[in-house]
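> Mind folding the following:
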Amino acid sequence: MDASTALCGSGPAFFALILEAIADGAVAMGLPRAEAQLMAAQTMKGTAGMVLGGEHPALVREKVGTPGGCTIGGLLVLEEGRVRGTVARAVREATVVAGQLGRGVQGVNGTRF
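Below you'll find the model as predicted:
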């Protein structure tokens, strides 16, 4: 139950942070912010649609990448930055905190109630 709470309760914030980071990268390369944010959101929505339609996320990555292309270059940077492990650890941490909160633990994450 705690993992479901972490995934569904905290997941939107995690996805929003990733979406914002992708948009920031596009803005840094010259796209207007509103356009970058819309494009990032549509891309995330389309990717979610593929996965909900039965595509495995790894196959989605394979389908959009081409040898020597921009996608593999970007993916290598993400892997070098340990994004996969960092995101997985964020879900783990949210799960632990959800469990603590469910048991009435106070001062979780240094907060005071």
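> So which elements touch the helix or strand harbouring residue 26?
For residue 26, the host element (DSSP states H and E) is helix 11-28. Contact here means 3 or more CB pairs under 8 Å, 6 or more residues apart in numbering; DSSP states H and E; on that basis helix 11-28 packs against helix 33-52, helix 83-102. Glycine gets a C-beta too; all of them are placed from N, C-alpha and C.
> Ok, which of these comes nearest residue 16?
Taking CB to CB, helix 33-52 is the member of the helices and strands packed on helix 11-28 nearest to residue 16, at 9.6 Å.
> Restricting to C-alpha, output the closest one in CSV.
Output in CSV follows, covering the C-alpha atoms of helix 33-52 (Å, rounded to 0.1, in the frame of the first residue of the first chain):
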residue,chain,number,x,y,z
ARG,A,33,8.9,28.5,-22.6
ALA,A,34,5.2,28.1,-23.4
GLU,A,35,5.9,26.1,-26.6
ALA,A,36,8.6,24.0,-24.8
GLN,A,37,6.2,23.2,-21.9
LEU,A,38,3.4,22.2,-24.3
MET,A,39,5.6,20.1,-26.4
ALA,A,40,7.1,18.3,-23.4
ALA,A,41,3.6,17.6,-22.0
GLN,A,42,2.3,16.3,-25.3
THR,A,43,5.4,14.1,-25.6
MET,A,44,4.9,12.7,-22.1
LYS,A,45,1.2,12.1,-22.8
GLY,A,46,2.0,10.3,-26.1
THR,A,47,4.6,8.2,-24.4
ALA,A,48,2.2,7.3,-21.6
GLY,A,49,-0.3,6.4,-24.3
MET,A,50,2.1,4.0,-25.9
VAL,A,51,2.8,2.3,-22.6
LEU,A,52,-0.9,2.1,-21.7
